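**Student:** Here is the input, now give the coordinates:
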Amino acid sequence: MENLVRSDERIDDLQINGYKIIQHPDKFCFGMDAVLLSSFAKVREGEKALDLGTGTGILPILLEAKTEGEHFIGLEIQHESAEMANRSVLLNGLQDKIEIIEGDIKEASAIFGKGKIDVVTSNPPYMTNHHGLKNPNDAKAIARHELLCSLDDVVRETAAVLKPRGRCYFVHRPKRLVEIFEAMRKYRIEPKRMRLVYPYVDKEPNMVLVEGVRGGGAQLTVEAPLIVYENPGEYTKEIYEIYGMN
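**Tutor:** Prediction:
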């Protein structure tokens, strides 16, 4: 373990299957959005799943723990993050189930081929406005802002790599929901399921979880709202269950 974790990094317990993840406190660390997406996504027995923009590999690791999928791939453009994700895979002994590839989301279909993937997940950059960024090459800036890829890039490559009737799962901001649906339909991915996430029951939603099917029929199911906090510092029962802390 000493060889896998560097002195400026930490190991976080993922509260499932004894799995852990390596993170750098000064770089971009995974948040609740990735955890919620891992519980919203469905990967069935024998299926292959691809996570676009995997960061430190949180989604492939959680999906391997939570689903019956056969193989999980994480695609990440930032060398440091991809290398760290690979070390987390080794730390958990998951190298036979999880593969981390360093590469550009915009070239996903060239890397993996067209129509080869059963399930795609993505927690893409939320923000389009990146004016005034002090360091556009900073890992946090790249993860949060559409500096290296756009929403259209993510959806286009998702559609390209998915098998017919393959499924995709995104987490994003509700204010961009119209853009998300427009992009999905542009590339013949039909929105099928949606869930809004609210910080408190009386506040506006700040996240949205969306499932789409490549070539699916037009029918959208809107699931019950997911409320994060009962009171300040106190999660709701469902959030505790999602985190495996119940």
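**Student:** Where does pLDDT dip in the protein?
**Tutor:** 1-2, 125-148, 246 (pLDDT under 70).
**Student:** All the helices of it, in order from the start?
**Tutor:** Taking DSSP state H as the test, the helices found in the chain are 32-40, 58-66, 79-91, 108-112, 139-144, 151-161, 177-186, 237-242.
**Student:** now the longest one against helix 58-66, angle please.
**Tutor:** Read it as helix 79-91. On the basis of axes from the mean of the first three to the mean of the last three CA atoms, to 10 degrees, helix 79-91 is oriented at 20 degrees to helix 58-66.
**Student:** packing partners for helix 79-91?
**Tutor:** Packing partners of helix 79-91 (3 or more CB pairs under 8 Å, 6 or more residues apart in numbering; DSSP states H and E): strand 20-23, helix 58-66, strand 71-76, strand 98-102. No exception for glycine: its C-beta is placed from N, CA and C like everyone else's.
**Student:** Please render those as JSON lines that adds mean neighbour count and distance to residue 225 to the earlier fields.
**Tutor:** Listed next are the helices and strands packed on helix 79-91 as JSON lines, based on neighbours: other CB atoms under 10 Å; distance: least, CB to CB, whole Å:
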{"stretch": "strand 20-23", "mean neighbour count": "21", "distance to residue 225": "28"}
{"stretch": "helix 58-66", "mean neighbour count": "24", "distance to residue 225": "22"}
{"stretch": "strand 71-76", "mean neighbour count": "25", "distance to residue 225": "29"}
{"stretch": "strand 98-102", "mean neighbour count": "20", "distance to residue 225": "32"}
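**Student:** Ok, which of these comes nearest residue 199?
**Tutor:** Smallest distance to residue 199 across those (CB to CB): 20.7 Å, for helix 58-66.
**Student:** just the angle between the closest one and strand 98-102, please?
**Tutor:** Put simply, helix 58-66 runs at 170 degrees to strand 98-102, going by the same axes, to 10 degrees.
**Student:** between helix 58-66 and strand 71-76, how big is the angle?
**Tutor:** 170 degrees.
**Student:** Name the surrounding residues that touch helix 58-66.
**Tutor:** Contacting residues not belonging to helix 58-66 are listed as 14, 16-17, 19, 21, 30, 34-35, 37-39, 41, 43, 49, 51, 54, 69, 72-74, 85, 88-89, 92, 94, 97-98, 100, 121, 123 [CB atoms under 8 Å, 6 or more residues apart in numbering].
**Student:** okay, the angle between it and helix 32-40?
**Tutor:** Taking the same axes, to 10 degrees, one finds that helix 58-66 is oriented at 30 degrees with respect to helix 32-40.
**Student:** So for stretch 100-111, what gets flagged as buried?
**Tutor:** Across stretch 100-111, burial judged by 16 or more other CB atoms under 10 Å covers 100, 101, 102, 104, 105, 106, 108, 109, 111.
**Student:** List the contacts of the residue lying closest to residue 59 once chain neighbours are set aside.
**Tutor:** Spatially, and ignoring its direct neighbours in sequence, residue 59 is nearest to residue 51 (4.4 Å; CB to CB, 6 or more residues apart in numbering). Shown in contact with residue 51 (CB under 8 Å, 6+ apart): 59, 60, 63, 72, 73, 74, 75, 120, 121, 122.
**Student:** Report the beta-bridge partner residues of the last one.
**Tutor:** Looking back up the chat, that one is residue 122. Beta-bridge pairing for residue 122 (DSSP bridges): residue 52, residue 170.
**Student:** isn't it right up against residue 180?
**Tutor:** No: applying CB atoms under 8 Å, one finds residue 122 not in contact with residue 180, separated by 11.0 Å.
**Student:** Who has more neighbours out of those two?
**Tutor:** When residue 122 and residue 180 are compared for neighbours, residue 122 comes out ahead with 26 against 22, by other CB atoms under 10 Å.
**Student:** Could you report the distance from the more buried one to residue 114?
**Tutor:** In this view, residue 122 and residue 114 are 17 Å apart by CB to CB, to the nearest Å.
**Student:** Perfect, I'm done here.
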